[in-house]
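next input, structure requested:
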Amino acid sequence: MESEHNIQQDPSGNSSLAEIFSLKNIVFVVIVMAIAGGAFYFMWMKRQKPLVLEKPANTEITLPVVPVVKKTLFREDQLPGEINAYQDVLIYPKVPGFVKELNVDRGSVVKKGQLMVRMYAPEYLAKRHEFVAKVAAAKADLAAEESKVEDLKAELEKRRANLLADQSTYQRVYAASLVPGVIADNDVVQWSQSVKADRQDVNSMIKRVNAKDHEVSMKREEVDAMVKAFESFADFASYLEIYAPFDGYVTERKMHVGSFVGPDGTGAYPPICRLKQLDLLRIVAPVPEDLVAGVIIGSQVEFSVSSFPGKRFKGTVARLANNLDKDTRTMPVELNYLNPDFKLVPGMFTKVYWPTRRPTESLFVPITSVVSTPLDTFVCKVANDRVEWVPVRKGQIMDQLVEVFGNIKEGDVVAKEGSEELQNQSRVKPVKVPVSISVTAPKANI
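Alright, predicted model coming up:
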């Protein structure tokens, strides 16, 4: 019975396989695979081709070109600046003391040499009087010692005279003793001993005079040192009066009459007042590193302040720092500005219209001609109707032009609108077009 059942199932199994692998199903599968393969091949071929518009072989791309020009860079940049006083000092006394008289206040205009402050210092005055007494006593002591020296010198001269007299008498006695019986030998010996004693007295007195003279010289040097010290100490009287060091304007006042003040650096003493020169100002502008080469001493530079909108002032380039700030990569440049009517004041912020210039000419192309990519910067130079990518380095911008440095020269033509789509060595039909340059140079805010 089982064999009969298996025999009956076999025919049904063969029938289902025949239906799956029928001619209709096979044709359908082949068609689907052919369509899928064609679509894959079409997409693969499309990916391998460059994304350029196909043109007939006998047509050329019309390309607007402009010439490379040589110009001297000159433009006006706007730099931030600050106004400082030409001279700015804090007035401190040279010695501690009390303010006795204060002749200036905030807003006072002073002239050079004008008395500003008079002080009183009782301790220093007492010391000065004491020093005067010591100097006078030292001078009196010196005078007494000098008198003693003169007395000793007079005594020396007296003894020298006695020596000469005794020597003369001895010589006459000795000459007479040569005649027998005129002078006794004892008298000759006595006069000889007198001369010897006189000579010893003279030598002893010379030593005393020299010693005293040396002592007087030492005292004289001491007195001279005391006098010089007193002269420097006597200048203390001038320290009690403070005069204006220059023509200026008092901008601050910290002290009043009766205040105790002292020199700077000796304690917590504030200055008496502050004096600034306002008829001549310093305008300090930080010039960027790439503009430093164009700074010219003596050139006129305009600037403006918010207090006078629409008005420009002119300053003269006077001083260069000749040193770049490492943090900002700028160099401070100072302008002088005459300000006799005090219109401008220190502390104002300014906008400096800095004239940027090159000392020599350089090459320029339109800004749109330079192509910048993450890997390179180039211009599309056109020569013999073919495009050539020339690497360049960009410089400063002037009008709608930009400086370029590279393997190009004046008179070469480049694409006005540079683009990566202009393939290197591709053939084009160049058409020269004029370069539009604005009349007013753009102002770069730095």
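
checking residue 42 next. Helix, strand or coil?
helix (DSSP: H, G, I helix; E, B strand; the rest coil).

the longest helix anywhere in the chain packs against which elements?
Longest helix in the chain by number of residues, with DSSP state H as the criterion: helix 122-177. Contacts defined by 3 or more C-beta pairs under 8 Å, 6 or more residues apart in numbering; DSSP states H and E place helix 122-177 against helix 185-234, helix 236-239. Heads up, the C-betas are built off the backbone N, CA and C, glycines and all.

can I get those in a markdown table including mean neighbour count?
Formatted as a markdown table, the helices and strands packed on helix 122-177 follow (neighbours: other C-beta atoms under 10 Å):
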| stretch | mean neighbour count |
| --- | --- |
| helix 185-234 | 14 |
| helix 236-239 | 14 |
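
now those in JSON lines, with mean pLDDT?
Shown next, in JSON lines, are the helices and strands packed on helix 122-177 (pLDDT from 0 to 100):
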{"stretch": "helix 185-234", "mean pLDDT": "83"}
{"stretch": "helix 236-239", "mean pLDDT": "78"}
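
low-confidence regions, the stretch 201-350 of the chain specifically.
Residue ranges of the stretch 201-350 of the chain with pLDDT under 70: 232-235, 265-267.

mind doing that once more with 90?
Scanning the stretch 201-350 of the chain for pLDDT under 90 picks out the ranges 201-240, 262-270, 289-296, 322, 340-341.

can you get me the start-to-end distance on stretch 88-100?
Distance across stretch 88-100, first residue to last, is 24 Å (C-alpha to C-alpha, to the nearest Å).

can you redo the helices and strands packed on helix 122-177 as a markdown table with distance to residue 341?
Below are those laid out as a markdown table (distance: least, C-beta to C-beta, whole Å):
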| stretch | distance to residue 341 |
| --- | --- |
| helix 185-234 | 43 |
| helix 236-239 | 35 |
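
so which of the ones you listed gets nearest residue 175?
Residue 175 sits nearest to helix 185-234 of all the helices and strands packed on helix 122-177, at 10.0 Å, using C-beta to C-beta.

for that closest one, packing partners?
Helices and strands touching helix 185-234, by 3+ C-beta pairs under 8 Å, 6+ apart, are helix 122-177.

so which of the helices and strands packed on helix 122-177 is nearest residue 150?
Set against residue 150 and scored by C-beta to C-beta, these come closest in helix 185-234, at 9.7 Å.

for residue 143, which of the helices and strands packed on helix 122-177 is the nearest?
Taking the helices and strands packed on helix 122-177 one by one with C-beta to C-beta, helix 185-234 is closest: 9.6 Å.

for the closest one, the distance to its chain's centre please.
Distance of helix 185-234 from its chain centroid, counting by C-alpha atoms, centre = their mean, to the nearest Å, is 65 Å.

quick one, that helix and helix 122-177 angle?
Relative orientation of helix 185-234 and helix 122-177, computed by axes from the mean of the first three to the mean of the last three C-alpha atoms, to 10 degrees: 160 degrees.

oh, and call the first residue 45 from now on, that's how I've got it
Shifting the count to begin at 45 puts that one at helix 229-278.

just the element for residue 79, please.
For residue 79, the host element (DSSP states H and E) is helix 67-92.

mind checking how far residue 441 is from residue 213?
From residue 441 across to residue 213, the span is 117 Å (C-beta to C-beta, to the nearest Å).

show me which of those two is the more surrounded one.
Neighbours around residue 441 and residue 213, counted as other C-beta atoms under 10 Å, are more numerous at residue 441. The numbers are 17 against 14.

so the more buried one sits against residue 411, correct?
Yes. Using C-beta atoms under 8 Å, residue 441 makes contact with residue 411 at a distance of 6.8 Å.

phi, psi of the residue nearest to the spatial centre of the chain?
Among the residues of the chain, the one closest to the centroid is residue 365, at 4.1 Å (C-alpha atoms, centre = their mean). Per-residue torsions, residue 365: phi -70, psi -30 (degrees, to the nearest 10).

contacting residues for the closest residue to it other than its chain neighbours?
Excluding its sequence neighbours, the residue lying closest to residue 365 (C-beta to C-beta, 6 or more residues apart in numbering) is residue 376, at 4.4 Å. By C-beta atoms under 8 Å, 6 or more residues apart in numbering, the residues touching residue 376 are 328-331, 365, 369.

of all those residues, which comes closest to residue 462?
Comparing the contacts of residue 376 against residue 462 with C-beta to C-beta picks out residue 331 as the nearest, at 31.5 Å.

what helix or strand is the closest one located in?
Assigned by DSSP H and E, residue 331 falls within strand 324-332.

strand partners (parallel or antiparallel) of that strand?
Note on strand 324-332: by DSSP bridges, its sheet partners are strand 113-129 (antiparallel), strand 374-382 (antiparallel).

out of these, which one sits most buried?
Neighbour counts (mean count of other C-beta atoms under 10 Å) averaged over each of the strands paired with strand 324-332 peak at strand 374-382, with a mean of 19.

now find how far off-centre that one is within its chain.
Distance of strand 374-382 from its chain centroid, counting by C-alpha atoms, centre = their mean, is 11 Å.

which positions in the next helix or strand after it come out as buried?
As assigned by DSSP H and E, the chain's next helix or strand after strand 374-382 is strand 393-410. Across strand 393-410, burial judged by 16 or more other C-beta atoms under 10 Å covers 394-402, 406-410.
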